[in-house]
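*Asks:* My questions are about this predicted structure, shown below with the sequence.
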Number of protein chains: 2
Amino acid sequence: MKQKNHTQCTGALLPIRDALDVLSGKWKLQIIIAISAGNNRFREIERAVTGITSKVLTKELKDLEEHQLVRRTVYTGTPVLVEYTLDEYAESLENVIVALNEWGTGHRNRLMKAEAISN
Amino acid sequence: MKQKNHTQCTGALLPIRDALDVLSGKWKLQIIIAISAGNNRFREIERAVTGITSKVLTKELKDLEEHQLVRRTVYTGTPVLVEYTLDEYAESLENVIVALNEWGTGHRNRLMKAEAISN
DNA sequence: AAAGCTGGCTACCTTAAGGTAACTGGCTAC
DNA sequence: GTAGCCAGTTACCTTAAGGTAGCCAGCTTT
């Protein structure tokens, strides 16, 4: 039965590892949320995701594009417009985002309660 | 309506940020899973989480303890035993872990398919 | 007695993530 | 005509995450 547990364990570890490889870092999920909220232009995203800089944003968007989570569309007009939209594949992240959102909300409440008590 | 979207966006961003602050990094979730799978001793966890070193594990366990996700119990016998168990609060992470596990599994399949096509 | 286990700690080093600031070129609005 | 917006880029720097290796003290096994 120890063996079974260990098998379950290693079974869960690999997918988690894969997921973290793609989603790790401070920004990726925040960017996805910002785009899904209707911020489709570079500067819009930059403003929506507080604290990010254009350099980092550039890199993160490239990463997300490579993983087919974000699509970059260039409208060659004048001026040139660049639009970032979520790729279909990004929808599959919804459960992850919802779960993290819920947990983060709960955690934040917990922290605030603890703080209130200690004061 | 753009305004509403933006409010939703910033509303979701903060909790996500809080969650990532606690769970970010390569190891924390993997350690939690390893412990939940019945690896309660330091060296057991070290072996279960492939690639981690004792130094990093020490630090991560301390972090998790501070966030009340993991409990450290010392049995002062001879030899001294140290046991790591999940704190109740860690149960609240279940949805996050399940979501990440599912997404990671799907993502891994997707990658393997893409690889198969390109060969 | 030598080797291996336990739960770590220490010093040193590398890598990658992220931050700071300045700048570009073509447009537009004042 | 100058100030600002757009989508970035470049060069440089700091920080933190993580890796490598060796060690300790007390026990057990061989």
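*Replies:* Thanks, I have the structure now.

*Asks:* Could you check how many residues crowd around A:Ile32?
*Replies:* Residues lying near A:Ile32 (other C-beta atoms under 10 Å in any protein chain shown) number 22. Backbone N, C-alpha and C define where each C-beta goes, glycine included.

*Asks:* what's the nearest residue to it if we skip its chain neighbours?
*Replies:* Closest residue in space to A:Ile32, ignoring its immediate chain neighbours: A:Ala90 at 6.0 Å, by C-beta to C-beta, 6 or more residues apart in numbering or on different chains.

*Asks:* Please apply the same query to A:Arg47.
*Replies:* Using C-beta to C-beta, 6+ apart and skipping residues adjacent in sequence, the residue nearest A:Arg47 is A:Asn39, 7.7 Å away.

*Asks:* re the thing from before, which secondary structure state does the residue nearest to A:Ile32 sit in?
*Replies:* helix (DSSP: H, G, I helix; E, B strand; the rest coil).

*Asks:* from what I can see it touches A:Arg71, true?
*Replies:* No. Contact criterion C-beta atoms under 8 Å: A:Ala90 and A:Arg71 do not qualify, at 9.1 Å.

*Asks:* Pick out whichever of those two has more residues nearby.
*Replies:* A:Ala90 (19 against 16).

*Asks:* Now do the end-to-end distance for stretch A:76-92.
*Replies:* End-to-end distance of stretch A:76-92 (C-alpha to C-alpha, to the nearest Å): 30 Å.

*Asks:* contacts for the longest helix along chain A?
*Replies:* Ordering each helix of chain A by length in residues (DSSP state H) puts helix A:94-118 first. Contacts with helix A:94-118, where a contact means C-beta atoms under 8 Å, 6 or more residues apart in numbering or on different chains, come from A:19, A:23, A:29, A:32-33, B:12, B:14-20, B:22, B:89, B:92-93, B:95-96, B:98-100, B:102-103.

*Asks:* check contacts around A:Glu83.
*Replies:* A:Asn40, A:Arg41, A:Arg72, A:Thr73, A:Val74, A:Tyr75.

*Asks:* Those also near chain B: which ones?
*Replies:* With C-beta under 8 Å from any C-beta of the partner chain as the criterion, the subset of the contacts of A:Glu83 in contact with chain B is empty.

*Asks:* Now render those residues as TSV, adding secondary structure.
*Replies:* What follows is these, written out as TSV (three-state DSSP):
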residue	secondary structure
A:Asn40	coil
A:Arg41	coil
A:Arg72	strand
A:Thr73	strand
A:Val74	strand
A:Tyr75	strand
